[in-house]
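Enquirer: predicted model follows, preceded by the sequence.
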Amino acid sequence: MPWMDVAVAAAVLVGMYLLLRVGGTGTPVSFAPSHVAAVDTDPAKLPYYAARSLLRMFAALAAAVTFAVGYAYAAARSRRLERVLIPALDILQSIPVLGFLTVAVTGFVSLFPGSAFGLECASVFAIFTSQAWNMAFGFYHALITLPREWDEVSRSLRFTRWMRFWRIELPSGAIGLVWNGMMSFGGGWFFLVASEGISVAGHSYPLPGVGSFAGTAIADGDVGRVGWAVATMAVMVTGVNFVFWRPLTAWAERFKNEQSEATDVHRSLVLDLLRRSPWPRRWGRLLRPVGELLGRAGRLLGTDDPPLANGRAGRRTGDVVFAVVAGGLLVWGLAELLGYLHHRTGLGVFVEPLLLGLATLARVVLLLAVATVVWVPIGVKIGFSPRLARIAQPLVQLLASFPANFLFPLATWFFLRTGLSLNVGGVLLMALGAQWYILFNTIAGAAAIPADLREAMDDLGVRGWQRWRRLIVPGIFPSYVTGALTASGGAWNASIVSEVVTFGGTSLTATGLGAYVFRATAEGNYPHLLAGVAVMAGYVIALNRLLWRRLYRLAETRYAL
């Protein structure tokens, strides 16, 4: 319902406002600058910086996977929670990472005054916010589009809810979760420069890492140091793909829903070595008693009686109490927020970001249209061919993970030499942070199409447009909707860094909402930051309500396998 979307958006904004007020202006933050050393741009430091960045990335990934699985499960299982959690997810993915970073720094530094641990927590949290929403959307969609026969098997055999989750629900969403995790990890690289460059009370405290190294080199206009950062990033992305993501994608093939075994499957040298090694089996035997104990404890959760997506309606009294309590808190929070804005700037503060948002919206729509035309056919080709995927996966992962900030020197030079306005060129920079969601989800959707269905189409001689209409579009449609929705949110997020390009002493600025939020964040202007985030959330709500939510329902009712 539209009013629920508006209520959830207001609740998220009120939460941000309270954190800023309590942690920022209401609490004196004590911080010792001596605890954080300046970033040394000596290339010899890059191995250490790379290790620190990787530690933050994987810590954020672990938190994001845990959050995504729990959040999606709660939303799919509870009708009441679904009405709140899914709109909230729409809003959260539309809030720029810089907005989260401002709140996170304020909160964590207040929790750990005088300690660099607060800055580390804020950095990990900022990376987490660039990873979690995409995985949560993907796993939620896998739960609500679970094949009917699997749902019937679980309920007819009276699986416990614990057994259903581990034997049916998690395997069903494993392929999408792995590919979305890979894409989300790339999103973390994209915002690494911002998440490792911490500002407190107008002072900058960069954390040691490849992102802060690149940010310092860009600010100094040192092209050579930027080149070293680019080379280090390429090595890191390629290494992580080889050691971590490629084994995971090959392992996830076992969860494909098909009746005949594919002749060509994903392979990984690391996974083959692990399968030949006795250590995984030994660890499995050691952990088996723990698994059995958890299985017995899971019986307390009850058996799987109600269907997943359409659970029993909660009692009307509970709904009324929930609405009254939540509504009362929301009204109080909105009154506080509006009073704060009225006192500081006046409510006319929303006019400018509303108009600027139209320019950013035009760039988002153009980006989605072009990315769909370009990347959907390529994603289908890669997803259908494990041999091609082995070649394309590291390249795509490298391109998706490459931070746009690293290209700012080249982009600034190109725009100045050609006279191309950033109002147009900004779309190209936005694409670096958004188009890959469509590609990765299309690959995951195509890879999940059962091989027996493709073989049946081959036997029947179905080719060309008929093959797309009968098999490919229905097969990838749910994954494409997830990818396009998250690409839309990623495009809004990427507008923060793509509408303001700075290198050395040269700065280019585009007209748009992203530049507005960027300026508000840099100046520590909380009223303008809240207004910009509120308007961005409003645009995302309208786009989701008019387009993406309807496509989600279509995917759920017509195109589920």
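Expert: Perfect, I can see it now.
Enquirer: from here on, just use CA atoms for contacts and neighbour counts.
Expert: Noted.
Enquirer: what is the mean pLDDT for stretch 487-507?
Expert: Averaged across stretch 487-507, pLDDT comes to 76.
Enquirer: report the buried residues of it.
Expert: 487-503 (16 or more other CA atoms under 10 Å).
Enquirer: likewise for stretch 147-157?
Expert: Buried-residue list, stretch 147-157, by 16+ other CA under 10 Å: 147, 151, 154-155.
Enquirer: turn those residues into TSV, columns for secondary structure.
Expert: Shown next, in TSV, are the buried residues of stretch 147-157 (DSSP: H, G, I helix; E, B strand; the rest coil):
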residue	secondary structure
Pro147	coil
Asp151	helix
Ser154	helix
Arg155	helix
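Enquirer: out of the residues you listed, the closest to Arg469 would be?
Expert: Pro147 (20.7 Å; CA to CA).
Enquirer: could you measure from the closest one over to Ser172?
Expert: Separation of Pro147 from Ser172 (CA to CA, to the nearest Å) stands at 9 Å.
Enquirer: rewinding a little: restricted to helices, list the buried residues of stretch 487-507.
Expert: 487-498 (DSSP state H).
Enquirer: those residues into a markdown table, with extra columns for distance to Leu395?
Expert: Listed next are these as a markdown table, based on distance: CA to CA, whole Å:
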| residue | distance to Leu395 |
| --- | --- |
| Ala487 | 19 |
| Ser488 | 23 |
| Gly489 | 24 |
| Gly490 | 20 |
| Ala491 | 21 |
| Trp492 | 25 |
| Asn493 | 23 |
| Ala494 | 21 |
| Ser495 | 24 |
| Ile496 | 26 |
| Val497 | 23 |
| Ser498 | 23 |
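Enquirer: from these, which is closest to Leu85?
Expert: When these are compared against Leu85 (criterion: CA to CA), the nearest one is Gly489, at 16.3 Å.
Enquirer: was I right about that closest one contacting Ile541?
Expert: No - contact criterion CA atoms under 8 Å: Gly489 and Ile541 do not qualify, at 10.4 Å.
Enquirer: where does the stretch 401-550 of the chain dip in pLDDT?
Expert: 401-406, 408-409, 503-505 (pLDDT under 70).
Enquirer: show me where it has its helices.
Expert: 408-418, 422-448, 451-459, 464-467, 473-498, 513-523, 526-543, 549-558 (DSSP state H, counting those that start in this stretch).
Enquirer: the ones you listed: which one's closest to Val349?
Expert: Judging these by CA to CA, what sits closest to Val349 is helix 526-543, at 6.7 Å.
Enquirer: quick check: angle from the closest one to helix 473-498?
Expert: Computed by axes from the mean of the first three to the mean of the last three CA atoms, to 10 degrees, the angle separating helix 526-543 from helix 473-498 equals 160 degrees.
Enquirer: buried sites along helix 526-543?
Expert: Result for helix 526-543 [16+ other CA under 10 Å]: buried residues 526-541.
Enquirer: ok, so of the residues you listed, who is nearest Val331?
Expert: For the buried residues of helix 526-543, the nearest to Val331 is Ala534 (16.1 Å; CA to CA).
Enquirer: for Arg282, see how far away the closest one is.
Expert: Taking CA to CA, one finds Ala534 at 53 Å from Arg282.
Enquirer: what about Ala323, neighbour count?
Expert: By the criterion of other CA atoms under 10 Å, Ala323 has 12 neighbours.
Enquirer: for it, pull up the helix or strand it's in.
Expert: helix 316-344 (DSSP states H and E).
Enquirer: ok so, going back, between Gly489 and Ile541, which contacts overlap?
Expert: Asp90 (CA atoms under 8 Å, 6 or more residues apart in numbering).
Enquirer: quick one, phi psi at Gly221?
Expert: Main-chain torsions, Gly221, degrees, to the nearest 10: phi 70, psi 30.
Enquirer: model confidence at it, what's the number?
Expert: On the pLDDT scale, Gly221 gets 74.
Enquirer: what do you get for the one 10 residues further on?
Expert: Reported pLDDT at Ala231 in the predicted model: 87.
Enquirer: which elements pack onto the helix or strand where it lies?
Expert: In the assignment (DSSP H and E), Ala231 maps to helix 223-240. Here helix 223-240 touches helix 46-77, helix 210-220, helix 386-401, going by 3 or more CA pairs under 8 Å, 6 or more residues apart in numbering; DSSP states H and E.
Enquirer: also compute the angle for it relative to helix 46-77, please.
Expert: Going by the same axes, to 10 degrees, helix 223-240 makes 50 degrees with helix 46-77.
Enquirer: I'd like the distance from helix 223-240 to the chain centre, please.
Expert: 23 Å (CA atoms, centre = their mean, to the nearest Å).
Enquirer: just the C-alpha atoms of it, please, in PDB.
Expert: Taking Å, rounded to 0.1, in the frame of the first residue of the first chain, the C-alpha atoms of helix 223-240 are listed here in PDB:
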ATOM      1  CA  VAL A 223      48.900  10.100 -11.400                       C
ATOM      2  CA  GLY A 224      51.700   7.600 -10.700                       C
ATOM      3  CA  ARG A 225      50.400   6.800  -7.200                       C
ATOM      4  CA  VAL A 226      46.900   6.400  -8.600                       C
ATOM      5  CA  GLY A 227      48.400   3.900 -11.100                       C
ATOM      6  CA  TRP A 228      49.900   1.900  -8.300                       C
ATOM      7  CA  ALA A 229      46.500   1.800  -6.600                       C
ATOM      8  CA  VAL A 230      44.800   0.700  -9.800                       C
ATOM      9  CA  ALA A 231      47.400  -2.200 -10.200                       C
ATOM     10  CA  THR A 232      46.900  -3.200  -6.600                       C
ATOM     11  CA  MET A 233      43.200  -3.200  -7.000                       C
ATOM     12  CA  ALA A 234      43.400  -5.400 -10.100                       C
ATOM     13  CA  VAL A 235      45.600  -7.900  -8.300                       C
ATOM     14  CA  MET A 236      43.200  -8.000  -5.300                       C
ATOM     15  CA  VAL A 237      40.100  -8.500  -7.300                       C
ATOM     16  CA  THR A 238      41.700 -11.200  -9.500                       C
ATOM     17  CA  GLY A 239      43.100 -13.000  -6.500                       C
ATOM     18  CA  VAL A 240      39.800 -12.900  -4.500                       C
END
